[in-house]
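> this one's structure only:
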């Protein structure tokens, strides 16, 4: 069974800030948002977690391995270096969507995302060392079969993007509805999902659904570990195995267990 | 009539690089990609253009006002500071999708995006000063009505994201198919579109389509100018006007003309 | 005759900010300062200028080629993305120190660097296009002879640093007092000076002074051009010529003139 | 007694890279160097250490609290995101200069800083948890009395800089020669020193020496703790105490001991 610690990162009162006193230059907002995300990626990634840009003003992270002190330090360092501050809500559950529900609810209880007085909230619980296990995190790394040959080198970039985006939109809804998994587009033709304990069959069915519904062919590598980084690296290696073996689904060997590979 | 100069920014041979010699840490890739995008946003934005992250390995920019020298300097400065290089293809047309088609074709003719020998290509033409007019660029800035109240403060963040994403997916396909416009999610509940000469009625129909198809209510401010930055700022002010007037569509006053506002 | 446009960049009320309400984490201050400098380097460097970190809260730039609009845009983009704002003062003179004196005086007249109400001042004049000539900027690029062999690979890093620092301290004072030139350590064993019209003999004497006073052997390449970037690149090439020819002083060929090389 | 773990960060083969195949744009080098330093400051600072830019191609860090795994991760993440790689050498000693000597020697033994084949060396030892004590790190934070009133608001920026620089140069040499301490200019009028166990009298003498030799009046706050961050924060608070009490030297209360404040 998985046990994901999810963190919702929310820029405090961001919408109003972007138009106060007048609308700010869009490219400055894009720069600030993407650098803030990059700093989160370094901070969280260097401690074994994963963060996704999602909507940029709200970002979702899986933070197994980061404790309360880490979260406080993150708020402090961002507050010291950016014109905006961040609130953080955490939640823990076997189901990623339930964990995120809890993480979100903590911030919502503290006030609206556009409440000017609600700043640097930190709510929710953190996994203690004794609760953690080598199966807490399941990460699936999907990509599109031959995206370069079929799309990038053939279509104009926007139509390539639409194809990839369609595949992503279909997968994200399917995995959320069927499994409570959270899927994020991470660039190129790559999608990374935070999953509950899912089987090879579950992944085969997901891929079949996306192909049937959106006409996009995916493959997936899956990893299970104590931290997102370890699970994600196993997933990447498993995806490489898909490439070499021509398979659609590969499950990485769990770190403390005998693994079973499958196509 | 609009006359958009589109630039396709493509990281050279990026996919293979991310797994050579072994898969690289995902959070390092995310950091590198988003900082590269931020640097493009500063470079292009400081010269009056707009760039969108699209798939991060392929980014789309509208660069009216940037000439060949600017594009060469951009390639040089990125090459000096990143572990990757970029190729740039440009295209010019009244229709954004046709301009991008042309920009993409220039790079495709030079080789595959995953051709290890194809580096720092610069292809395509640039608008000369004499060709430029105050109506070359039409930018539409959409956002979702009361996204904070309806989604962010009510749903868990992933379900909020799904709602916004659905609205975006519907709009991007509609505008591309009906008008050859290119729409990009830019964070929060905001979508920015590079449009051909479209009327207030066209925008009303677009918004109606998204509401009917995805159940997401949008409003839009539109700006027309010689550069993306000016058109985009007019669009932002027009969107503020929507907020204050409770209207769904506002067209900013063209810089060299008498404008007509409409809801 | 040179004609340098100097810009003083001053972070508004920075000292008090670093300890309000409590002293901030030093590594956050270091991060913020050095990233702000990096952004200035990109902005100013991409427009042909040079900026030096100096004291980080006060930075000195040579900005021939950047006009008032560029300076306003720089203030706007920094204000949009950092927790601090910057004031800019400019000055123009054949003598770099006189130009900087004027640039500094403009900000001093507007109030103290630690006046909480003095924000985003922009004072001073800008070179008009008609005033500019191909000899406006003289840049000298010094380095230490065989610094790696004599210091880096032999001494502990702090003692290497002391040697380089001594050479720099001696040179900076000599050039300021004798010629009104402004010299900046730019990393490694490199010093870049903004100079008035100086001759090869002047440079030979400077180098001899540093060797006699601090025991550090320098060589120098010099460039003259309309912009700092062009002059600086010529200086770099001239310094490469020193390396290949074993000479101590090389003057790059002026862009619009017949140059004279000398050792 | 202190026990400092020093880390020398050296960019591999940097000098040759900056001129290969041709000299690179200086502002790109400045950008890359200062962003690399900023990333080190975040990485090391977020784990309780301090890093100083020194010469930028060689940077000195005090890393009590960072183990071998942290150092390996730092090399990996920089290698993934920059066009250059870094070597790291560590050393441990009661005397900071001896620790740095040892850190430097480890890299020197592995080859020259400009050896193209010597990449990502990691040499030296790391303090084990059992060896660490609450008195391992002594940090002194100096600043100049009324620098804004006496220099910044009075002189041109270069002459202000010369004054500060003179004070720094004198202090750095004195502390290195008399105590084996390592002093770094950190911007504004601030100098931070990594010190061995020094007394209040030692600091009074240092300040008197700088005033006599360079005419610059300093004050200093000192902190002692298990990590540089904690010692540095205590030093900052002690420096604030100097300001409020009008004293020249304040020693922060050691974390696990009864402290003695002194002027």
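Received, thanks. Not measured: the values here are computed from a predicted model.
> and chain A, which of its residues are near chain C?
Proximity of chain A to chain C, by CB under 8 Å from any CB of the partner chain, involves residues A:24-25, A:28-29, A:31-32, A:35, A:76-77, A:80-83. Backbone N, C-alpha and C define where each C-beta goes, glycine included.
> what's the closest of those to residue D:122?
Closest approach between those and residue D:122, by CB to CB: residue A:77, at 26.0 Å.
> For the nearest residue to that closest one once chain neighbours are set aside, what is the enclosing helix or strand?
The shortest distance from residue A:77 to any residue that is not its chain neighbour, by CB to CB, 6 or more residues apart in numbering or on different chains, is 5.4 Å, and that residue is residue C:28. Counting by DSSP states H and E, the element that carries residue C:28 is helix C:26-45.
> what's the angle from that helix to helix B:26-45?
Regarding helix C:26-45 and helix B:26-45, their directions subtend 40 degrees when assessed with axes from the mean of the first three to the mean of the last three CA atoms, to 10 degrees.
> for the record, mean pLDDT for helix C:26-45?
The average of the pLDDT scores along helix C:26-45 is 98.
> Please compute how far it lies from its chain's middle.
15 Å (CA atoms, centre = their mean, to the nearest Å).
> near chain B, anything from the helix or strand following that helix?
With elements assigned by DSSP H and E, the helix or strand that comes after helix C:26-45 is strand C:50-52. No: with CB under 8 Å from any CB as the criterion, chain B is not reached by strand C:50-52; the gap is at least 14.5 Å.
> Sheet-wise, list the partners of whichever helix or strand comes after strand C:50-52 with their directions.
Moving toward the C-terminus from strand C:50-52, the first helix or strand encountered (DSSP H and E) is strand C:58-62. In the sheet containing strand C:58-62, its partner strands are strand C:4-11 (antiparallel), strand C:50-52 (antiparallel), by DSSP bridges.
> next helix or strand past strand C:58-62?
If you walk from strand C:58-62 toward the C-terminus, the next helix or strand you reach (DSSP H and E) is helix C:68-81.
> pLDDT score for residue A:76?
The predicted structure lists residue A:76 with a pLDDT of 98.
> Please read the previous query as pertaining to residue A:62.
Reading off the per-residue confidence, residue A:62 sits at a pLDDT of 98.
> repeat for residue A:255
Reading off the per-residue confidence, residue A:255 sits at a pLDDT of 56.
> Got the domain ranges for chain A?
Split into domains by automatic domain parsing, chain A comes to A:4-131, A:137-251.
> now the helices: where do they sit in the stretch 151-263 of chain A?
Assigned by DSSP state H, counting those that start in this stretch, the helices in the stretch 151-263 of chain A fall at A:157-179, A:200-214, A:228-245.
> what's in contact with the second one?
To tie it back to what came earlier, the one meant is helix A:200-214. When contacts are defined by CB atoms under 8 Å, 6 or more residues apart in numbering or on different chains, helix A:200-214 is touched by residues A:140, A:142, A:166-167, A:169-171, A:174-175, A:178-179, A:216-220, A:222, A:248-249, A:251, A:260, A:262.
> residues in the stretch 101-250 of chain A within reach of chain B, list them.
Of all the residues in the stretch 101-250 of chain A, those in contact range of chain B (CB under 8 Å from any CB) are A:101, A:103-105, A:108, A:112-114, A:148-149, A:152-162, A:164-166, A:169, A:172-173, A:176, A:182, A:186-189, A:192, A:229, A:232-233, A:236-237, A:240.
> Tell me which residue in the stretch 51-200 of chain A sits closest to chain C.
residue A:80 (3.8 Å; CB to the nearest CB).
> Next, work out how far apart the most centrally placed residue in chain A and chain D are.
Nearest to the centroid of the C-alpha atoms of chain A, with distances taken as CA atoms, centre = their mean, sits residue A:52, at 4.4 Å. To chain D, residue A:52 is 18 Å away according to CB to the nearest CB, to the nearest Å.
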